[in-house]
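Visitor: Can you look at this prediction? I've put the sequence above it.
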Amino acid sequence: MKPKTIKITYWILTVLWVLMSVADGIAGLMHEANGVKGVKHLGYPEYLMDISGVAKLIGAIAILQTKYKTIKEWAYAGFTINFICAAWSNAKMGESAGIIMMPVIMLAFMFVTYYFWKKYEQVKSV
C-alpha cells in the first residue's frame, strides 16, 4: 500500500471512529432512553452512563490527537476493555447473538483503525 493511501485510510477510519465514539459518549451523558434501559437491564447503576460518557469523549480526543502516542495507546486500551466488558455483560445476561456481537464488531472496527495508525506511524518515520 502506498504511503498516501495509508494516510488517507487512517484518517478516514479514525474520523469515523471518533464520530461514533463522541456520539456514544454524548448519548450516555444525556441518558438516552435506550441506553438507560440497557444499563438497568444489565444491573448497572445509571450513573455509569456519566462515567463512561466522559471517558468516551476523552478517549475520542486522545485517539484523534497526534502528539502523545502513549495517551493514544491507553485510549485504545480503554475502548478495548469497554467493548469486551459490554459483550461479556450481554452474554452473561443471556442476550441474543446480535446484541452480543455489536460491541465485538465495534472492537474489530477499532482494531482496524489501530492497525492503520501503526502503519501510518511506520510510513511517517521512513
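Guide: The structure has been received and is ready for your questions. Residues are numbered from 1 along each chain as shown.

Visitor: Please report the distance of the spatially most central residue of the chain from Ala86.
Guide: In the chain, the centroid-proximal residue (Cα atoms, centre = their mean) is Phe79; its distance is 4.6 Å. Phe79 sits 10 Å away from Ala86 when distances are taken as Cβ to Cβ, to the nearest Å. (C-beta placed from N, C-alpha, C; glycine too.)

Visitor: Look up the pLDDT of the residue lying farthest from the centre of the chain for me, please.
Guide: Centroid-distance maximum for the chain: Val126 at 28.9 Å, with Cα atoms, centre = their mean. For Val126, the pLDDT comes out at 70.

Visitor: how many neighbours does the closest residue to it other than its chain neighbours have?
Guide: Spatial nearest neighbour of Val126, excluding adjacent residues (Cβ to Cβ, 6 or more residues apart in numbering): Pro3 at 7.8 Å. Number of residues near Pro3 (other Cβ atoms under 10 Å) recorded here: 13.

Visitor: Could I get the pLDDT score of Pro3?
Guide: Pro3 is given a pLDDT of 90.

Visitor: residues in contact with Ile63?
Guide: Neighbour list for Ile63: Thr14, Trp17, Val18, Ser21, Lys72, Ala75, Tyr76, Phe79, Thr113 [criterion: Cβ atoms under 8 Å, 6 or more residues apart in numbering].

Visitor: Who are the packing partners of the helix or strand containing the fifth one?
Guide: Counting by DSSP states H and E, the element that carries Lys72 is helix 69-92. Helix 69-92 sits against helix 48-64, helix 97-125, with contacts defined as 3 or more Cβ pairs under 8 Å, 6 or more residues apart in numbering; DSSP states H and E.
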